[in-house]
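Undergrad: here is a sequence with its predicted model. Questions after.
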Amino acid sequence: MEYIVAKEELKNSLSGQFLIKLDAWSDQHALTKKDASDMVHILRNVYMAYALSRQALPPEINIEASEFDVVVAGAEWIASDLCLILSKEHRRFYATMLQNEVNQEENSALINDLLDASDARQYTLFRRAISRMAQILSSDHGGSDSEVQDVDFEEVK
């Protein structure tokens, strides 16, 4: 899958790393669980990493929600970032991929691999995180309509 982004920024961002790991997991999850383990690590840490770097909190994250969790908030932040750098076509692709996993419920290969890679067996948490990512990516939030676009991230901030 070709990314529609400023390629260096994607490689260096946690959101970009998550996307790369998601693609790798999609291609080879039957062979290795390493990508799922890396995605769990990113999901657990991205919210605090971005918050400590003083990045503006995306509107999709409600820190006052009764069910607030840093894993879900991290997933929301990743999806919000990806909306700024992916074309609508690519956002639809990933939203569909993630929603298909959510719809499979307990049979989801992605959610089960995330659970297996996690020390805490929290099915509902990972399902909610993946579901929120799909919802945000399928929204009309941000993004590019063109096939190829370089983004100057200094201007986006």
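TA: Right, received. Where do you want to start? Since we're looking at a predicted model, the values are computed, not measured. Numbering: from 1, shown residues only.
Undergrad: would you map the helices across the chain?
TA: 7-12, 14-28, 34-52, 70-85, 88-103, 109-117, 123-138, 153-156 (DSSP state H).
Undergrad: single out the most deeply packed of these.
TA: helix 70-85 (a mean of 25; mean count of other CB atoms under 10 Å). (Each C-beta comes from the backbone N, C-alpha and C, glycine too.)
Undergrad: ok, so what distance separates residue 51 from residue 24?
TA: 26 Å (CB to CB, to the nearest Å).
Undergrad: and residue 83, by the same measure?
TA: To residue 24, residue 83 is 21 Å away according to CB to CB.
Undergrad: repeat that for residue 72.
TA: Distance of residue 72 to residue 24, given as CB to CB: 23 Å.
Undergrad: where in the chain is pLDDT low?
TA: Along the chain, the parts satisfying pLDDT under 70 run over 1-12, 66, 141-157.
Undergrad: cutoff 80 now
TA: Within the chain, the stretches with pLDDT under 80 are 1-12, 54-55, 65-66, 120-121, 140-157.
Undergrad: ok, the closest residue to residue 19 other than its chain neighbours to residue 51 distance?
TA: Leaving aside its sequence neighbours, residue 19 sits nearest to residue 82 (CB to CB, 6 or more residues apart in numbering; 6.2 Å). Computed as CB to CB, the residue 82 to residue 51 distance reads 18 Å.
Undergrad: and for residue 85?
TA: For residue 85, the distance to residue 51 - CB to CB - is 20 Å.
Undergrad: with residue 105 instead?
TA: Applying CB to CB to residue 105 and residue 51 gives a distance of 31 Å.
Undergrad: out of the helices of the chain, nearest to residue 59?
TA: Nearest to residue 59, of all the helices of the chain, is helix 70-85, at 7.9 Å by CB to CB.
Undergrad: tell me how far the closest one lies from the chain's centre.
TA: 5 Å (CA atoms, centre = their mean, to the nearest Å).
Undergrad: so what's the residue count around residue 56?
TA: Residue 56 has 7 neighbouring residues, counting by other CB atoms under 10 Å.
Undergrad: and if you look at the one 4 residues further on?
TA: Residue 60 sits with 18 neighbouring residues when counted by other CB under 10 Å.
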